[in-house]
Every structure is written in structure tokens, then in C-alpha cells.
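>>> could you look at this predicted model? Sequence included:
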Amino acid sequence: MDRKNADAMFEDFLAGRLDRRSFVTRLLALGASATTTAALLEACSGGTTETPKPADGGGGDGDEHAKAKGKGKHKADGDGENVLPETKELSIYNWSDYIAEDVVPEFEKETGIKVTYNTYESNEEMMAKLQVGAGGYDLVVPTGYIVTVLAAQDLLFPLRKKKLTNWANLHPMFLNPSFDPDNKYSVPWLWGTTGIAYRADKVKAPPDSWAVFHDTQYKNKMTQMDDQRDVIGSWLKFRGKSLNSTDKAELDQAKADALQSKALLKAYVSAPVKGQLVSGDVWIAQLWNGDTMQAKAENEQIAYALPKEGAGLWTDSLVIPKSAPNIRNALAFMDFCMRPEIATKIADFTGYGSPNAKATPETPIAYPTDEEMKRLEIQKDLGEALQIWDQIWTEIKAG
Amino acid sequence: MAESVVEFVNVNKTFGDFRAVRGISFHIEKGEFFSILGPSGCGKTTTLRLIAGFEHPDEDGGQVRLHGDVVNKKRPYERQLAMVFQSYALFPHLTVEKNIAFGLEMRGTPKAEIPGRVREAMDMVRLDATNFARRLPAQLSGGQRQRVALARALVLRPSILLLDEPLGALDLKLRKEMQLELKTLNRELGTTFIYVTHDQEEALTMSDRIAVMSEARIAQLGTPAQIYECPRTPFVAKFIGESNFFEGKATGRSGDCWRVEGSGGAFDVPAENGVTQGADVIVAVRPEWLDVCAPDAVPAGENAIAGTVRDVIYLGETLHVLVDLPGERTVTVAVRNEGQLARPLAWKKGDRAAVAWKPEDCQVLELGDA
Amino acid sequence: MSHRPPAWVLAIVAAVYVFLHAPLLVLVVFSFNESKYSVEWTGFTLHWYQRLLERHDIVDGLVRSVAVGLSSTALSTVFGTLMALALARHRFRGRSFVEALLYVPIVTPEIVVGISLLILYVLLGWPLGLTSITIAHVAFNISFVTVVVHARLQGMDGSLEEAAMILGADEITAFWRVTVPQLWPGILSGAMLAFTMSFDDYVITSFVSGTGSQTLPIVVYTMVRKNIEPSINAISTIVLVVTTVMLIVSDRLSRDKPLSAD
Amino acid sequence: MSGGPSVRQRVLGWFHERPTATAWALLAPGGLFLLVFFVAPLVIMFGYSFMERGLYGGVEAGFTLEHYAAFFQPLYLTILLRTVVMAVSTTLICLALGYPVAYTIARAGRFKNALLFLVILPFWTSFLVRTFAMIFLMRDSGLINSLLVKAGLVEEGITMLYTPFAVMAGLVYGFLPFMILPIYSSLEKLDLTLLEAAEILGAPPRARFFRVVLPLSMPGVVAGSLLVFIPALGSFLSSDLLGGAKQILVGNLIQNQFTSARNWPFGSAASFVMMVLVVIAVGIYLRVRDADEAREA
């Protein structure tokens, strides 16, 4: 047995996926040498500040695994994969409209795995479900800083990168992100920007600044996202500040700007604004580039701008919740989506940027130029400062 | 003594703090038409429900016996009784014949026997089977429902039939008719009827014996004549028929009578009722036992109290002469109507008049019961 | 009484009926409109209904909603009927406590119900899914069923059961032979109410749903949010037609059985 | 019934002798269910409202009143006030529209059932579907506006969607049947000879209505008001979908605390402040109902 397989098993053990006895038994059964075993056990007792507790988040899945094993689906194929149970199911929880329609059927056809696919509309909605610890999801797609939050709560399962044969396809720019150093948990899924979508046929001049949301001539024809990070963030950027600012004075200024624009806004609305852009009820909307592209597919007059003051850049990532019952399949799906042709399909359908270097999507809304890239900033978790943000957001909404 | 089919021995029934029945005892004989009479809330329905088994006596609350067996805890369906409810309680979802057959089915009567028995019961209450058997209760008149309810009870050939104000919802004419029929059925079938009513006239007409209830107790038990003619308490006297009351203190005895001095005048009462010197005495006199006469023409040996005629009321068979007596009391005197057109009554409003009665016609009542 | 309400009252009434029905009617009409965005009538089509068949999330959602609706209705109807029987036919201490308990679900705002249940599930580590949704629906439906059945029981002559018992039926026989047939319309309308509320619930369900448990309202909500094509009109029309039919059927069923002989 | 009692009879007998046990046996399944899955969650939530917030959601042990104190800042009180005003106005509008309808149905003779059915029908239709219908009608390019423009009444569509008007219209649309049905049932019970009595005593129509009909239908009015007020107080979907999320209500505030703000204790505290308002409303209802029952007794 090579050290790598043992490592993997050890990782499982640490993550609470195996109890101590089956870990040791299985190690011995694999024919590990006494020294390796001793070394591992030593590492184990030394390094396990996180000795797995059955009641911990991983407890429930332990049962799941036991069940799966009990069904006799487990095959000892000798290459170390057997530490993960083999099932024929996979549950994906993704943003709505965030995958190409035929990706899942294709994956099902190729692998024989039955996929349950559910969607959500906000990170918070998804997090609430994960915090329950037993949502039953195998793959979720949090936005960058949410990965940090989930990891901090010990809700994620560490990636087994060696199972991801297409890992090399990823563009180095999206690897080792600040929100998840060394991609311990996450595989980049899509990336995009939060800018301004507009109706080229309705506006006098293409908007190039967040200041457009202060422009009285577009009163009642504009919307911003229904999301505190995006709205307050845009006004922080407008004043040349970081969209992760926790400075009270800066936030107060953002609040004043937001309140000024609120009088002109039609609504705070996120993805649903697409239909109204198409119908012309809304002319100018704070929106993601990809959703803008989806709307553009319905109406050619829709265009996209990145404000000159800067905007948000984000990466959404595939992660596996610690409570996932079908980790092996989740990894298989991750790997599947890293194939260039699949990544291309997804990027084409959603209109978002692919982190896949070998993908070749058509991009009706161009990727940001290098110059634009410099203006973009990535959202980080606010930690304790979230309270201040929430207070300010409530004040904006109550104003 | 005849066979007792129902017997109550010092039975008590309490609902929470409310004592519905207090220590009542009586027995009902086989074939008897026994009425329980009283105003609403007196405990008469509770008494019937104790017999039926819907209620059970309190722990240590005496005994209820049916055919000699103590049945305190037996459930209604273990008692082999039949009952006609005030609301009839016909099953609205079942046809007339299915309503009547219900009890037979419950008691395991052979299937083949049932149609005949149903027909027989319908005949008994004079319901036309061809016409009514398939109808639903909603399609019947009040009187017809009443007959179905009766048939449903009688079809079981019960030894005891409980009737809870069964005629209350009928109009006067129908009620009279049914009273007669019930009495006839009672005689012909030999079934014991236990009849609850608040209608004193109905009770007097139909019953062999009546238990008058008041405030959870039996105020008096007896034949209709005993109850009417010798009421034991002011309550019974007031509740059954009309009565005039005279009261005072016993002041002296002379022969068979005690002399009683009241605020409105003195009168004699029979001595046998345990009146003692100085005791408060109250007597009841039925209007028809009173006479009205000129104050100076009172027949010898009769009690008389003088007053003024307040009004004369025409009732058909009789006339009521209302006489105001001293002490702001008005008594009613019933006078036979001998024809107001041919032989009009001499009395009119404002005349001085005395009411008079024979001492033996007044009933000395027990005190302490309003 | 023959007095007609004054004309201005009738005008308000007419306006209210238009207000209640025009939106639904428009929705139905435009589910057959060819145009994808416009409110102009461009021609008749069944295209949006065909689209529904292609969308297995809608079909799955419908199946789940029916499954959750039926099971939660069955449970809450049984529980609620038993509670109503206890309240209507039995004397017991603690009645006011039970009555207060039954009030709680009726007066608690949905959002509080949904969130507090989610907290409970988090604490218990109870997996979110069709079971957790069904439990939630049973919890908020019991009270409504109890109230409806209780009202019917109160309108029902209690001496019917006594009559059955004195005719020889024991409690269980009397219950099945007399009480249930009488109570049936009440139970049915309680069940109808429960099913509709379960079938329609979005707020509470959205908090307690998990993988593979997106019911129809949740799918519809996502579609309403996106608001892009008339498929939503089509699915609304279907829901509308189904509820109308159910309503008419239950109305028929309950009207055939009079409450009492009077 | 010869021989010893059967098991069935013995069981029935056992229960019969213990009426309280019988009642509790009937109550147990539903009652326990309610306690475990309705009351317990509320109690836990109440407990949470006194705990410290967890950084990533959830709670941490501790006891504090700060979340209640926090709620009584002008910011949140404004939101609370706005919510109450909106719920009360929804209730009043529903009353103003619903009473004439209930009154007319109660006197509609043979059309009664049909009219009633037409009120109930939308009530049995999905709330979301009805909300969507409102959006469909009220959008800038929605049906109402396109008809208005076509008729030449306005040049450009009127803004209806994403205004307080839209929220109110949605709430009234959603809850109107809750108002109509209880008023109808109390009016239907009204003894019509009372009106004749009032008439013969010389009361003109207006007086007959205000002195006889209205007081006697008060239980229905109060019950209907309660049934509208409570869900209106807790509503948050309408303000999101029809109000464009511009006007935050207590319902939105609560939802926000459990999702993006990750402040569960504060969300719990806000929930219980709202519950206090609900309890007050129910208290008023019970007083009116009891007074009415006392009068009837």
C-alpha cells in the first residue's frame, strides 16, 4: 500500500467519516506495514485535535455510509477508492439558471447516477439549509466568501484532488483563492462581475458610473440588487472605497448615497429583473454579467457596463458539504464539469466566465479587459462587521 | 308487593360542584306508567339518564337497580332498555326502516326476522310502511318522526321504555292524541313506561304514579290523586294545578281542628297533620274547593276571610273570581259556569265578598320547602 | 326580508367580484397567448402547456405537493377529528389549556412558524425533506381541522350517539355507525381545508424543505421571481382548475348529507 | 352478551370509568404533535431571543436582554409602526369592501350559494398564483397599463407595481375572503324579525343598520379583522414581490435576521415582539366574543 492511499484514508478518518476501529481494521486489511500503521496512529493521536465525535456534523453521514455499506455496494478495488462508499445518487443544490440544461442528463447517462437537482436564489437560503447539518446535499455552489464562512463552521468536506483528473484544466488565476487557500474545499465553477445592465435603446448614453443611480431622468426605470453586499458595496466603490469596508464613516456615506438613489429606484430586485429588462419596464439595473447575457438572448438591446469606479468580482465554487451522503459521486461530477467541452457548455448557457483554461465559450458580453480587471474587487466575509452592514441596510430599507 | 323493575336506593349524582340528584330513593313496578315531573333543572332528566346508563351514580352514591341487579356501572348498551328522546334522535342518514332496524341489528336479531319486526313496530305506532319505510327523517313531519322514534324503541320489545319529554315538540291536538296512544300501548304491551315531563297535566292524565322532583330531590311521590289532592309541600301545591295559600300561627285546639291566626284572619285546619301549639302553619286550598259568598252569609262551620272582588275571569267550563284579601293577597276561586247568558254570576268588580272553605278541604303543608 | 341593498352597496359588491376574479381570468386567458412577453393578444396556443410537460421540476413539484398534501391531510384529519371529539363529547380538566394550544397555530404568523420549526430541526439534526415538510404541514393543519370538525360536532345532536347506545351499540359501533356518517361533511371540509393549505403553502415549506423536496409552490415561486414566460400562467391555470373542481366536488358531497333531521 | 365481558368491552369499560383518561387519549396524538412541533419550537425560539448571536448564525450560550433592547431603537420602532399601520389599513380596507359583500350575500336568497362559492374560489387558489396575477396586471407594461394606453387615457403607463399601493392591493386581494366569510356567517344568523321590529318601532334604514345589524354582526367583524390583521402583520412576500423590497416590514426584518444578517437571537426577539401584537389582537377578539356570548346566554 502506498502512502498516498493511506493519506486519503487518514483524511477520511480525520473528517469523521470513519470510526477509529474500522479505520485501523481497514488499514491492516490493506496490508499496511506495521511501521506505517504506527506512524499513522501516532500522527493520529498527535494531530487529532478534531477527534471525530459521532454526534458531530459528520455523525449523520457516518450512518449513511454504514447503510450504504450494508447494502453491499461497496467494492474493495484495492486502489484506495474504497474508502468512499459507492452509491448511485447525487444531490446538487445550485443557483437557479446556473448550469446548461443538458449537463446533468449527460452526466446521468454516462455514469448511471441519478441526480437530484435543486435550486436556490441566495447564498443565505443555501447556508440555512447546510447549517441544519443534514440537508442531504452533495454539492453546493457558494459564492467565494461564503466558502470561508462554511469552512469556518466546519461544514465542508476537504477535496480529494487526486480524484479530480481534470484539475489541470483550471486556469491558475482561479486557483489558490484568498477565500480558500490552496483550494482545500472548493473547485471554481463560474466567475462573473456585478455591473450595470441597461437598455441601449432607452438610455441616452451608456452608463459608465454608479452615479447613474443618482440620475433623476431615469427615475422609476432603475433597479439595484436586493442584496446588502451588492448595494452598499456599489456605493462604497462609487466613493473609491473597498467594497469590504468596515469603516463606519465610509459606510455612513454609502448609506447616504444609497438613500439618495432609493428615491429614484423602482425596486430592489436581483435575478428576477431580467424579465423587466426584456419588457422595457426597467432600463438600468445592477446585475451580474451572466444574467445580463441571458436577458440579452431575449432582447438584443440589452447591454452591460462595468462602472469606472470599480465593481465586484466573484467566483462561485463547487464544494462538498461535510454531511454529503454521496461524496464519490460529487467528486465525479466536479471532475465531469472540469472537462473543457462541459465547461464551455455551462459558460455558454449561463453567460458567465469559465475558470477553465481549455474552455472555449462564445462570449456575447466580453470578459473584462486587463484594465477592467484592476478595478474589480472580490467580496470577503465581513465577520463581526456584518452587524453594522445589516443595521445600515435596514436603515436604507426603512428610509 | 309487585315486582320492582327499577329501584333507586339513596342515589346521588354530582357534576363538578353541581348536585343534580340528591339521595333519591324510589321503585317502579312492572307494567307501571311512572312519570317524573318537575320544572327544568330539577334533576328529572338526570334521573332518567341514570336509569338509561348515560350517567352513573357518584362513588358511594347509592344504587340503581334494574330487575333487582345493581347496574351502577353498566353501560347503556348492556341494559336492554329502550328510549324515546326529546329530540327523537333519529339517525338523519338512515331511512325510517333502517332507523327502526338499528336496535335489532345491534342486538343480533336474526336477519330474516328483522323486516317482519320492523313492519310490526310500524303498525303498532300506526305508520304506513309502504309509504314511509324508505323515507329519511328529514322528509317526515314532527308527528311522524315521533312515531318513528317510538317504533324504534318498541321494536325491541323492551320491558322498560324510557321517554324523555317525547311529546314536547308536538302541537296540542297531536299531543293529546299521542298521550292516549301511549297510555294504550302501556296497557296492551305490559311494558313499564318511565316518562319524564314538565307538563303537570300530561303527568296527571297518563301516569299510574308520579314522582314530583324539585331541586334534585323527590318532593312527593304518589298517584295523581294523592299528588293533586294532598300536596305535601308548597312547591308541589304550586306546581301541580293552582292553589291558594293561607298562613298563620296555631293558637289553640278545639276538637278535630286547630285554630290558626293569620294576618288576614283566622281559620281552622284539620288537626291530624302534626300541628303544634304556636307553630307556623301554611295551608293550600284549591280554587275549586273555595266558595265565594257575601261576608255575612258564610255557611256555618266554614272558614271565611272577607275581601273585595278584583275581577271575574271567564274560562269556559269555569269562572275564576279573583278576590283581594287583607295583606295584599289575591285568591282565586273557581266557580262552575252555569251559563253567563242565562244565569249570569252575581259577583262583579268592587263587591265586598268573603272566600269560604270547609276546614277538611285544606291541606296543611310541610314548611321549610319554599 | 325583501329589502334590497342600496345601489351603491351593489356597486361595491360588483367591484369586489371583479377585483377577485379579473386577475385570475386574465391569467387563464393569457396562458393561451402566443406572445412570450407582450400583453397583446397575438394568437391562441397550447405551447406553454407543452412546455410544462418538458419541465420535470414542475411535474416533480406537483407530485411532491400532492404526496405531502395527502399524507399531511390524512394525519391532521385523524388527529384533528380525535381532538374535536374530545372537546365536544367529553368533560375533562385542562380543557382551557387544550383550547389555548389549538389557538396557537391559528394565530402565529407563518414566518415565525417556519423559522421556529427550522430551529427545531437544526437542534434535532432532523434531515430536511418531504418528511420535515409533512410534519410542518400536519402541525399547522391540526388546529384548523379540529375547529372545523368541532363546529360540526357542536351542531350535531349528541343524543344520536346516546340513542345508538341504548339501542345496543357500544361506543365504537356508535362512533362508526352514527357519529362518522353525521360528521362526514365536517371531516371532509376539514380535510379539504388542510389539503388546500398544505398544497398552497410556500412560506413555511421554504424554510423546512431540503434536497429533493421542492414542492410546487416553491417551483412556482422561483418562476414568479423570474417572471419570464407564460408557462407560469399555464401552471396557474391548472392549479386553478384543479382547486375549482375539488371545491365543487366537496361542496356536492357535503350538501347531500343534511346535518340533522331538522 | 352472555359469558364474561369481551376484551373490547373491558377496554371500553376501563375508559368509560375514566372520562378524563378517555379525553386525553383522544387528545394525545394531536396534542403531543402540536406540543412537539409547534409549541416546543416557539419556546426554543423564545429562549434564543435571550442568547448571544453566533458569528455565522445560530446562537451561543448566554443570557441577555440586548436583543429586545435593540428592537426598541427608533429604527426598528419605525418599521414596527409602519407594519402595524399597513396591517391596520389592510384590515380596514378589507372591512370596507368585505362588509357590503357579506351583507349582500346574506340577503341574496337563492343566489347565496353561488355568490359564496365565488368568494371562496380565489381563497382556495394559491397565494403565489394570485400574487403573480397582480404582477401581471400591474406591471408598467402590464395589462392594465396597456389597456389604458390603448384607450388613450394615459400616454405612458402608470407606475403601480413596486409601490405601497401594490403591496396593499396584494394584501387586500389575498385576505379579503377572510373578512367576508366570518361577517357573512354572523349576518346569516341574524334574525330578520329584529329588523322588522326595528322598522315598526320607527327606525329608518340607516338606524336599522347602525343600531341593529352592525352591533349584531360585531363578532363576525372582529373575527374577520383578526383573520386579516394577523397574516398582514406577518407578511413579507407581498412587500418583496409587489413592493420591490423597498419598504421593509417586520416580516422582512425577521427573515433577514435568519438569513443574511445571521442574527438569530435578534430575529427571535423581533418575532416575539410581533407575537405580542398578535396576542393583543386576539385578546381584543376574545373580549368581544365573550361579551357577545354573555349577551346571548
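Received, thanks.
>>> quick one: contacts for B:Gly53?
B:Gly53 makes contacts with B:Val71, B:Lys74, B:Arg75, B:Pro76, B:Glu78, B:Arg79, B:Leu81, C:Met165, C:Ile166, as judged by CB atoms under 8 Å, 6 or more residues apart in numbering or on different chains. Every residue, glycine included, has its C-beta placed from N, CA and C.
>>> am I right that the fourth one is in contact with C:Met165?
If I follow you right, that is B:Pro76. Yes - with contacts counted by CB atoms under 8 Å, B:Pro76 reaches C:Met165, the gap being 4.2 Å.
>>> buried residues, stretch B:36-45. List them.
For stretch B:36-45, burial by neighbour count (16 or more other CB atoms under 10 Å in any protein chain shown) applies to B:Ile36, B:Leu37, B:Gly38, B:Cys42, B:Gly43, B:Lys44, B:Thr45.
>>> leaving out sequence neighbours, find the closest residue to the third one.
Once its chain neighbours are removed from consideration, B:Gly38 has its nearest residue in B:Met213; the separation is 3.7 Å (CB to CB, 6 or more residues apart in numbering or on different chains).
>>> the strand or helix carrying that neighbour pairs with which strands?
Taking DSSP states H and E as the criterion, B:Met213 maps to strand B:209-214. Paired neighbours of strand B:209-214 in the sheet (DSSP bridges): strand B:33-37 (parallel), strand B:217-222 (antiparallel).
>>> let me know whether the strand or helix carrying D:Leu286 sits next to chain C.
Per DSSP H and E: D:Leu286 is located in helix D:264-296. Yes - using CB under 8 Å from any CB of the partner chain, helix D:264-296 reaches chain C at D:Trp264, D:Gly267, D:Ser271, D:Met274, D:Met275, D:Val278, D:Val279, D:Ala281, D:Val282.
>>> list the contacts of the fourth one.
Applying CB under 8 Å, 6+ apart, we find D:Met274 in contact with C:Pro109, C:Val112, D:Leu233, D:Gly234, D:Val250, D:Gly251, D:Ile254.
>>> got TSV for the residues you listed, with secondary structure, neighbour count and pLDDT too?
Putting those into TSV (DSSP: H, G, I helix; E, B strand; the rest coil; neighbours: other CB atoms under 10 Å in any protein chain shown; pLDDT from 0 to 100) gives the following:
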residue	secondary structure	neighbour count	pLDDT
C:Pro109	coil	24	87
C:Val112	helix	25	90
D:Leu233	helix	24	92
D:Gly234	helix	25	89
D:Val250	helix	28	92
D:Gly251	helix	28	92
D:Ile254	helix	25	91
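>>> adding distance to chain A, write these out as TSV.
TSV is the format used below for these (distance: CB to the nearest CB, whole Å):
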residue	distance to chain A
C:Pro109	18
C:Val112	15
D:Leu233	17
D:Gly234	17
D:Val250	11
D:Gly251	12
D:Ile254	12
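>>> nearest to C:Val148, out of those: which one, please.
Looking at those and their distance to C:Val148, the nearest is C:Pro109, at 21.2 Å (CB to CB).
>>> quick one: the closest one and D:Phe236 touch, right?
No - at 9.2 Å, C:Pro109 does not count as touching D:Phe236 under the criterion of CB under 8 Å.
>>> what residues do those two have in common as contacts?
In contact with both C:Pro109 and D:Phe236: D:Gly251, using CB under 8 Å, 6+ apart.
>>> so what's the closest residue to chain D within the stretch 101-250 of chain C closest to, chain neighbours aside?
Across the stretch 101-250 of chain C, no residue is closer to chain D than C:Pro109, which sits at 2.5 Å (CB to the nearest CB). Excluding the flanking residues, the one nearest C:Pro109 by CB to CB, 6+ apart is D:Gly234, at 2.5 Å.
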